[in-house]
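Student: Here is my input; please provide its structure:
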Amino acid sequence: MSATNRKRGRPPGRRTEPVSPTPASLSPAAMASKGLSDLKAAAKYLGGVHPNTVRNLIARRELPSVRVGHRVMVPVAALEAYVARAAGA
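Tutor: Numbering: from 1, shown residues only. Prediction:
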């Protein structure tokens, strides 16, 4: 156990230094401004479907996706194109 953790009564291995912002820790609004949407927001955009439906669309390659850290993100332009294709069908 490190001296810093021992003094503060924290369990060993717990982070004590501040964490710098990473793409995965950006707010949803910040991600949307970058043109990316998480699965939950994408599901809402597609009319309130379940996020697993969005995962299925990605798995069937009907909707492109990008991984940002551990998060799966969908480009907003791809969502708009998908809705336009679905509306035209």
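Student: for this protein, longest helix please?
Tutor: helix 76-88 (DSSP state H).
Student: so residue 35 sits right up against residue 75, yeah?
Tutor: Yes: at 5.8 Å, residue 35 counts as touching residue 75 under the criterion of CB atoms under 8 Å. Backbone N, C-alpha and C define where each C-beta goes, glycine included.
Student: So which of the two has more stuff around it?
Tutor: Between residue 35 and residue 75, counting by other CB atoms under 10 Å, residue 75 is the more crowded of the two (17 against 13).
Student: hey, what's the more buried one bridged with?
Tutor: residue 36 (DSSP bridges).
Student: coming back round to it: helices or strands next to the longest helix of the chain in the packing?
Tutor: Applying 3 or more CB pairs under 8 Å, 6 or more residues apart in numbering; DSSP states H and E, one finds that helix 76-88 contacts strand 36-38, helix 39-45.
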